[in-house]
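[1] Next come a sequence and a model predicted from it.
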Amino acid sequence: MRELPCDLDFRNCPVSEWEIGPARLRAEAVTHRGPTLGFRIEEADATLCYLPDHEPELLGSIENLGDEWISGYALAHTADLLIHDCQYTDVEYPEHFGWGHSAVSAAVRFADRCKAARTLLFHHEPAHTDAEIDLALADALEQWTDAGHGVDGLQMAAEGEELTVSRTAPESRALA
């Protein structure tokens with residue numbers, strides 16, 4: 001950062017909420033190497049959470065942390081659609097610990113812990129091939145279904161894909 005030809009000014013970003021039309025937006029700082037915000041957008045019939053650069057297990061395994069210690073938890077809790085960073089495979093992650101991005105298993109555990117109805121994994125490692133992303137998805141789906149969820153509740157992002165975000169009934173949230 002010191003080598004960048006600019007004057008940097010880092011500031012704390014308090015939780016912020018505002019409305020745009022019928023939508024309510026919330027922004028919070030999330031765990032990443034540099035200042036990064038996660039977002040929650042709520043409208044009458046849907047909730048979307050967007051966590052672009054996020055390393056939720058920087059303090060330890062999500063399974064061993066209280067909700068208040070999990071970065072991004074308040075934003076993602078019970079989201080109808082969680083769009084979450086999934087940059088590294090579990091094999092790659094130890095070499096990138098502290099870089100601000102998630103491993104496949106951490107992203108799956110985070111989505112499960114937050115009770116997200118559907119999760120879209122994105123922000124893949126740019127060097128990964130489509131075949132490597134397909135293998136990461138297979139690994140993620142195995143972990144997701146082992147946690148008791150259906151395969152429709154988790155997918156990898158694909159360029160040009162369009163999704164509909166809608167409220168998921170509470171009884172189907174656990175199955176999604």
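    Perfect, I can see it now.

[2] CA only for contacts and neighbour counts going forward, please
    Fine.

[3] Chain neighbours aside, what residue packs nearest to Trp99?
    Spatial nearest neighbour of Trp99, excluding adjacent residues (C-alpha to C-alpha, 6 or more residues apart in numbering): Arg33 at 5.9 Å.

[4] doesn't Gly100 make contact with that neighbour?
    Yes. Shown here, Arg33 and Gly100 form a contact pair, counting by C-alpha atoms under 8 Å, at 5.1 Å.

[5] Between those two, which has more neighbouring residues?
    Applying other C-alpha atoms under 10 Å to Arg33 and Gly100 shows that Gly100 carries more neighbours, namely 21 against 13.

[6] wait, what's in contact with the more buried one?
    Thr31, His32, Arg33, Gly34, Asp53, His54, Glu55 (C-alpha atoms under 8 Å, 6 or more residues apart in numbering).

[7] Quick check: the farthest pair among those residues?
    The distance between the two most remote of those (C-alpha to C-alpha) is 11.5 Å, for Gly34 and Glu55.

[8] all strands of this protein, in order?
    Here the chain has its strands, by DSSP state E, at 16-20, 23-29, 37-43, 46-51, 81-85, 118-122, 154-156.

[9] okay, these, which one's buried deepest?
    The highest average neighbour count among those, using mean count of other C-alpha atoms under 10 Å, belongs to strand 81-85 at a mean of 27.

[10] With just CA atoms, put that one into PDB.
    C-alpha atoms of strand 81-85 as PDB (Å, rounded to 0.1, in the frame of the first residue of the first chain):
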ATOM      1  CA  LEU A  81     -29.900 -15.400  -1.700                       C
ATOM      2  CA  LEU A  82     -26.400 -15.200  -0.400                       C
ATOM      3  CA  ILE A  83     -23.700 -14.300  -3.000                       C
ATOM      4  CA  HIS A  84     -20.400 -15.200  -1.400                       C
ATOM      5  CA  ASP A  85     -16.700 -15.200  -2.200                       C
END
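
[11] And that strand, what does it pack against?
    Of the remaining helices and strands, those touching strand 81-85 by 3 or more C-alpha pairs under 8 Å, 6 or more residues apart in numbering; DSSP states H and E are strand 46-51, helix 104-114, strand 118-122.

[12] Right, I'll call it a day here.
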